[in-house]
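1. this one's sequence-less:
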């Protein structure tokens, strides 16, 4: 009799564990808000802006140099012989082409720099969200804002816990 009762109780306990493991627990994170408040993301944004500004200064210097040479050409062009004029025009055209190429390369470089700065942050954020979800028993985590989420329970918001794991305090911008 004791063995049957034990078997029934053990079976019920096992069934409750299985039912609990299968029941979903849904949470959400506010990715945009987390990223906006995260000091590491702010630093990456500052680094990218500095990089852009540096390339912008280089481009402006090249354009200023071209402008100065063009003004010199305009002033001296009428008095130049044909060979000197052709050489000056070729040099101006070459400078213009190099400036255009630099501007194009700068845009590509900025995009690569952005990817280099943001990719590790995205990876770290995802890993942290996964860790917080696992620690708190969440089976599904959605992003708040980009997906349509209706919730009446703020207990599903993992944003403060994710921020804490990332080393900063989260304050809901809403």
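-> Sure thing, it's come through. The model shown is predicted, which means the values in this text are computed figures rather than measured ones. Numbering: from 1, shown residues only.
2. C-alpha only now, for contacts and for neighbours.
-> Noted.
3. which other helices and strands does the lengthiest helix in the chain contact?
-> As assigned by DSSP state H, the longest helix anywhere in the chain is helix 82-135. Applying 3 or more C-alpha pairs under 8 Å, 6 or more residues apart in numbering; DSSP states H and E, we find helix 82-135 packed against helix 39-76, helix 159-166.
4. ok, residue 99 - how many residues close by?
-> For residue 99, the count of nearby residues is 19 (other C-alpha atoms under 10 Å).
5. distance of it from residue 135?
-> 54 Å (C-alpha to C-alpha, to the nearest Å).
6. now swap in residue 102 and tell me
-> As for residue 102, its distance to residue 135 is 49 Å (criterion: C-alpha to C-alpha).
7. what do you get for residue 160?
-> Computed with C-alpha to C-alpha, the distance linking residue 160 and residue 135 is 14 Å.
8. do the same with residue 172
-> Here residue 172 is placed at a distance of 22 Å from residue 135 (C-alpha to C-alpha).
9. got the contact list for the residue most central in space within the chain?
-> Among the residues of the chain, the one closest to the centroid is residue 118, at 4.0 Å (C-alpha atoms, centre = their mean). Applying C-alpha atoms under 8 Å, 6 or more residues apart in numbering to residue 118 gives the contacts 41, 44.
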